[in-house]
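Colleague: Could you look at this predicted model? Sequence included:
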2 protein chains.
Amino acid sequence: MNKVTIKYCPKCRWLLRSTWMAQELLITFEAEIQELSLKPSGVGVFEVIANDSLVWSRKEQQRFPEMKELKQLIRDVIAPDKSLGHSDKKN
Amino acid sequence: MNKVTIKYCPKCRWLLRSTWMAQELLITFEAEIQELSLKPSGVGVFEVIANDSLVWSRKEQQRFPEMKELKQLIRDVIAPDKSLGHSDKKN
């Protein structure tokens, strides 16, 4: 049972970005993600957690993830053997 | 801790409708919903659960909910005293 959680700051207007990312992840990982949770959180918070691993924190990385890198980070946790095709190139 | 879950059938291409509804609910209930989960489910499944109450089942109701009625149904579970303004008219 793979669960991905996106914690976002609604006051910062990051809801639409978060639901866009949720759509991308649920399409790419249709068979692998059983639950994707959106959690309104405090000011400035944008975090992505895959199962128990914090794979992205805007406060730490000082930016939002590119979709390609976020998919790689999540793949590495929930489906290490899954190829992401064009999303797998490291550039 | 209010949690709303949308179970949807990805094979039926109901992801985009479900994430649209998630956005609407997270905007309307920004202060009341602490977690909104999207769960890919079986063929023909479209269900909305508020905390432990099944507030909508496409199989039972034979259609998708109007956004206005879905908000009323969820409000009645998670924030009974909350006014939905124009969404509160029953027509």
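Modeller: Structure received. Residues are numbered from 1 along each chain as shown, chains lettered A, B, ... in the order given.

Colleague: Downstream of the host helix or strand of residue A:55, the next helix or strand is which one?
Modeller: Following DSSP states H and E, one finds residue A:55 within strand A:53-57. Downstream of strand A:53-57, the next assigned helix or strand under DSSP H and E is helix A:58-61.

Colleague: Downstream of that next one, the next helix or strand is which one?
Modeller: helix A:67-78.

Colleague: could you give the angle of that next one to strand A:53-57?
Modeller: 170 degrees (axes from the mean of the first three to the mean of the last three CA atoms, to 10 degrees).

Colleague: dump the residue contacts of the nearest residue to residue A:14 once chain neighbours are set aside.
Modeller: Nearest residue to residue A:14, sequence neighbours excluded (CB to CB, 6 or more residues apart in numbering or on different chains): residue A:8, at 4.3 Å. For every residue, glycine as well, the C-beta is placed using N, CA and C. Listed by CB atoms under 8 Å, 6 or more residues apart in numbering or on different chains, the contact set of residue A:8 reads A:14-15, A:17-18, A:38-41, A:45-46.

Colleague: ok, now residue A:2?
Modeller: Residue A:2 touches A:29, A:32-35, A:50-51, A:78-79, counting by CB under 8 Å, 6+ apart.

Colleague: Residue ranges in chain A under the pLDDT threshold?
Modeller: Scanning chain A with the threshold set as pLDDT under 70 gives A:89-91.

Colleague: farthest residue from the center of chain A?
Modeller: Within chain A, residue A:11 marks the point farthest from the mean C-alpha position, 19.5 Å out by CA atoms, centre = their mean.

Colleague: what about the closest residue to it other than its chain neighbours, distance to chain B?
Modeller: Distances taken as CB to CB, 6+ apart place residue A:43 nearest to residue A:11, at 5.7 Å, with adjacent residues excluded. Residue A:43 sits at a distance of 13 Å from chain B (criterion: CB to the nearest CB, to the nearest Å).

Colleague: any idea which element residue A:43 lies in?
Modeller: Counting by DSSP H and E, residue A:43 is part of no helix or strand.

Colleague: Can you tell me how far it is from residue B:70?
Modeller: 29 Å (CB to CB, to the nearest Å).

Colleague: If you count surrounding residues, which of these two has more?
Modeller: The residue with more neighbours, out of residue A:43 and residue B:70, is residue B:70; 22 against 8, by other CB atoms under 10 Å in any protein chain shown.
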